[in-house]
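> starting from these lines, generate the structure:
(one chain, ligands or ions: 1)
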Amino acid sequence: MLLVDEDASHSKHLQKVFGVSPWMYWVTNFLCDFAIYFICSLLIICIYYLMNVELFTFSWQTVGSAILVFVLYGCCTLPFVYIMQMFFKIPALAFALISIGIFFVGVVTTMTVMLLENLQTGDESLDTAHRICSGVFLLVPQYNLGMAMYRLSFVYTIYDYGRSYLEKIGRLDALHELPLPNVMEWEMIGKHCLALFLGSLLYMALLALVEYRDVVFKFIRNLEKRKTLQLVQKNELDRKLDEDVMQEQKDVENIDDFDEYGLVVKGLSKSYSGKALAVNNLSFSVRKGQCFGLLGVNGAGKTTTFSMLTKRLGIGSGDALIHGMSINDSKLPRYRLLGYCPQFDALNLKLTAREQLAFYCRIRGICEKDIDKVVDWAVQHMQLKPYANEVSGSYSGGNKRKLSAAISVCADPPVVLLDEPSSGMDPSSQQFMWDLILNLRRSNRTVIITSHSMEECEALCTKTAIMVNGQFECIGSIQHLKQKYGIGYTFTLKLSAISDVEQAKNFIEENIPNAELQSIHCSSIFYQIKDPKFKLSHAFQTVAMLKKLVSVEDYSLSQTTLDDVFVSFASKSNADIIEMHENENIVT
Ligand SMILES: Nc1ncnc2c1ncn2[C@@H]1O[C@H](COP(=O)(O)OP(=O)(O)OP(=O)(O)O)[C@@H](O)[C@H]1O
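Numbering: from 1, shown residues only. Next comes the predicted model:
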């Protein structure tokens with residue numbers, strides 16, 4: 001259950017970002033699970049022994065064999081379950097279905113072969129069915145456990161008959177000379193032990209294959225890269241790039257001294273479907289001590305970008321360099337360089353803030369003697385002291401976010417990625433988070449944030465890019481964006497009746513030709529007037545004339561803010577999505 005939980009909450013990914021290699025993750029889990037399983041198995045055998053249940057304890061050889069079978073079964077079943085749990089997202093469902101499945105499969109396969117064996121003695125036609133079943137079922141760990149236990153009980157049954165007979169004839173002194181079969185023989189538990197041993201190797205190899213699939217199946221990655229590049233090239237022909245975005249691309253290409261840069265992203269792209277790009281040829285650079293803001297509407301591709309930077313997703317095409325080293329470089333010490341706060345808090349809700357911070361400090365290689373100091377600092381600094389010893393499941397959303405941010409900076413990494421760091425926070429917590437980011441900048445850390453808020457980017461970022469449908473629509477400092485896009489006015493008109501909208505729209509467009517329609521919501525019409533020399537009096541006169549034709553409930557004219565610019569990009573995103581779906585429908 002914990003594994004499903006860790007995967008679903010992205011805590012496993014966070015551990016990997018902070019330096020836990022896949023093999024280390026699975027080996028530690030295996031050792032921990034196996035230790036618990038082994039102690040439980042020993043306890044069962046001890047209880048049998050103490051309660052004088054002779055079935056598995058009548059001789060030391062049987063006890064040893066039972067322990068061997070349990071050990072091999074544990075080694076085989078644990079990686080088998082690790083693979084099975086990957087198909088689930090809900091921990092309780094995984095627990096229920098996997099345990100019921102294991103029990104059911106174990107009982108059915110074992111009972112089938114036992115029945116066939118018993119029936120076979122009177123009917124030779126069942127011989128083939130028995131041979132096939134007992135051969136194929138060797139692949140099932142639970143069958144091997146069941147049959148091994150059945151064979152051990154079979155030896156005991158012979159022993160019990162022998163003992164009763166010797167007792168009857170008064171020769172119990174010859175008990176040790178009973179001709180019992182060797183339990184380790186091939187047809188007894190030998191083949192089941194070997195099957196369990198080979199099964200453990202098989203399932204461990206499968207687990208390794210799943211974890212290292214990108215390395216093992218390099219051709220799939222290369223194929224994806226080629227496909228993504230084709231999509232990027234196809235898109236390149238259709239799209240018209242903003243001049244600042246093009247300049248940023250050129251600047252990135254021309255960087256030859258990476259010492260000044262915390263992060264350089266070159267032509268990063270990703271496609272999930274193989275048909276459309278979720279991230280389309282992003283290039284940007286962030287100097288040390290600066291904060292880069294990735295601003296975009298829902299679905300713009302911000303999280304996908306972060307997922308590639310933290311290697312949760314393989315890069316479709318392009319590259320990213322952290323302190324001059326490619327993130328694909330196996331020598332890159334990501335655990336030392338990168339801090340990451342995911343969009344959804346990747347916390348273990350059963351641990352306290354202190355425990356989680358100590359856990360991640362250990363993962364990140366902080367000396368044991370310093371861990372308490374770091375944890376105290378983080379708890380104090382993040383205003384988590386009152387809750388530090390409570391399980392994080394009981395925290396409010398804002399405090400969970402603070403804890404996630406604390407985890408991302410606990411080892412003082414030089415590059416910090418924060419995915420919507422202040423989402424769900426009240427204004428005072430938001431201010432607190434902003435102070436934290438500003439402090440990171442002051443201490444020469446490179447910070448990259450994603451956000452939906454222009455205000456946040458204005459307060460924190462030295463460079464901001466607005467992302468629409470996976471690509472940058474504009475990039476630059478907030479001052480630059482304000483100068484470039486924040487000119488002119490936003491003109492809003494609210495009518496009393498929706499039926500008047502068309503007439504009002506035509507009238508405005510006739511009388512104010514440079515008014516660009518941004519959107520229409522119910523009876524409200526939004527225009528942008530980009531001409532800085534536009535006379536306000538002309539707008540008022542036009543509305544006064546319009547009022548004679550239709551009933552105007554309200555209207556406003558204000559200078560364009562960056563939020564208006566963002567909203568206009570968002571409308572463009574929606575329009576593009578609708579157009580894309582329409583095209584898809586035409587094609588189908
Ligand atoms: N696992 C996935 N499989 C298929 N498509 C996906 C997957 N994850 C994201 N997408 C698609 O990729 C695009 C970008 O999604 P992404 O989550 O990166 O956006 P975002 O900007 O982070 O949005 P939000 O602000 O809502 O988090 C969207 O169109 C989304 O539907």
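> can you tell me the SS state at P421?
At P421 the chain is in coil, as set by DSSP: H, G, I helix; E, B strand; the rest coil.
> quick one, what contacts the residue of the stretch 51-200 of the chain found nearest the ligand?
For the stretch 51-200 of the chain and the ligand, the shortest gap (CB to the nearest ligand atom) falls at K89, measuring 12.1 Å. Where you see a C-beta, it was placed from the backbone N, CA and C, and this is true even at glycine. With contact taken as CB atoms under 8 Å, 6 or more residues apart in numbering, K89 is in contact with 4, 7-8.
> those also near the ligand: which ones?
The subset of the contacts of K89 within reach of the ligand, by CB under 6 Å from any ligand atom, is empty.
> need those residues in a markdown table (columns: secondary structure and pLDDT).
Shown next, in a markdown table, are these (DSSP: H, G, I helix; E, B strand; the rest coil; pLDDT from 0 to 100):
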| residue | secondary structure | pLDDT |
| --- | --- | --- |
| V4 | helix | 88 |
| D7 | helix | 86 |
| A8 | helix | 84 |
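> give me the ChimeraX select line for those residues, limited to the buried ones.
Selection of the buried residues among these in ChimeraX, burial being defined by 16 or more other CB atoms under 10 Å:
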select :4,7,8
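> please enumerate the strands of the protein.
261-270, 279-287, 291-296, 317-322, 325-326, 338-341, 415-419, 446-451, 463-468, 471-476, 489-495, 515-521, 524-529, 552-559 (DSSP state E).
> for the ligand, which of those strands is the nearest?
Between these, strand 291-296 lies closest to the ligand; by CB to the nearest ligand atom that is 5.0 Å.
> now do the closest one, average pLDDT.
The average pLDDT for strand 291-296 rounds to 90.
> what comes into contact with that strand?
263, 284, 286, 302, 305, 437, 440-441, 446-454, 456-457, 460-468, 566.
> so which of these also contact the ligand?
Within the contacts of strand 291-296, those near the ligand by CB under 6 Å from any ligand atom are K302.
> point out where the protein drops to low pLDDT.
122, 332, 334-335, 486-487, 532, 571-588 (pLDDT under 70).
> show me what from it comes close to the ligand.
Near the ligand, when you scan the chain using CB under 6 Å from any ligand atom, you find 272, 278, 296, 298-304, 343.
> go again with 5 Å.
272, 278, 296, 298-304 (CB under 5 Å from any ligand atom).
> what is the most widely separated pair among these?
Y272 and G296 (16.6 Å; CB to CB).
> returning to what we had before: of the residues of the chain next to the ligand, which belong to helices?
Judged by DSSP state H, the residues of the chain next to the ligand include 302-304 as members of helices.
> and Y272 and G296? which has more neighbours close in?
A side-by-side neighbour count of Y272 and G296, using other CB atoms under 10 Å, places G296 first with 27 against 12.
> can you tell me who that one pairs with across the strands?
M467 (DSSP bridges).
> now it: how far from L198?
Note on G296: its distance to L198, by CB to CB, to the nearest Å, is 51 Å.
> pull out the buried residues from stretch 459-467.
459-467.
> and stretch 163-177, how far out from the chain's middle?
65 Å (CA atoms, centre = their mean, to the nearest Å).
> can you point out the buried residues in that stretch?
L166.
> equivalent analysis for stretch 138-151, please.
Residues of stretch 138-151 classed as buried: 138, 140-151 (neighbour count, 16+ other CB under 10 Å).
> check stretch 412-424 too.
Those would be 413-423, for stretch 412-424 by 16+ other CB under 10 Å.
> export those to TSV and tack on distance to S21?
Shown next, in TSV, are the buried residues of stretch 412-424 (distance: CB to CB, whole Å):
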residue	distance to S21
P413	18
P414	21
V415	20
V416	22
L417	20
L418	24
D419	23
E420	28
P421	27
S422	32
S423	31
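> quick check: the two most widely separated of the residues you listed?
P414 and S423 (24.5 Å).
> tell me the contacts of L145?
With CB under 8 Å, 6+ apart, L145 has these contacts: 69, 73, 106, 192, 196.
> buried subset of those?
69, 73, 106, 192, 196.
> out of those residues, which sit inside helices?
Going by DSSP H, the helices hold 69, 73, 106, 192, 196 from the buried ones among the contacts of L145.
> what's the neighbour count on E124?
8.
> ok, so what distance separates M246 from the ligand?
Distance of M246 to the ligand, given as CB to the nearest ligand atom, to the nearest Å: 22 Å.
> repeat that for L207.
22 Å.
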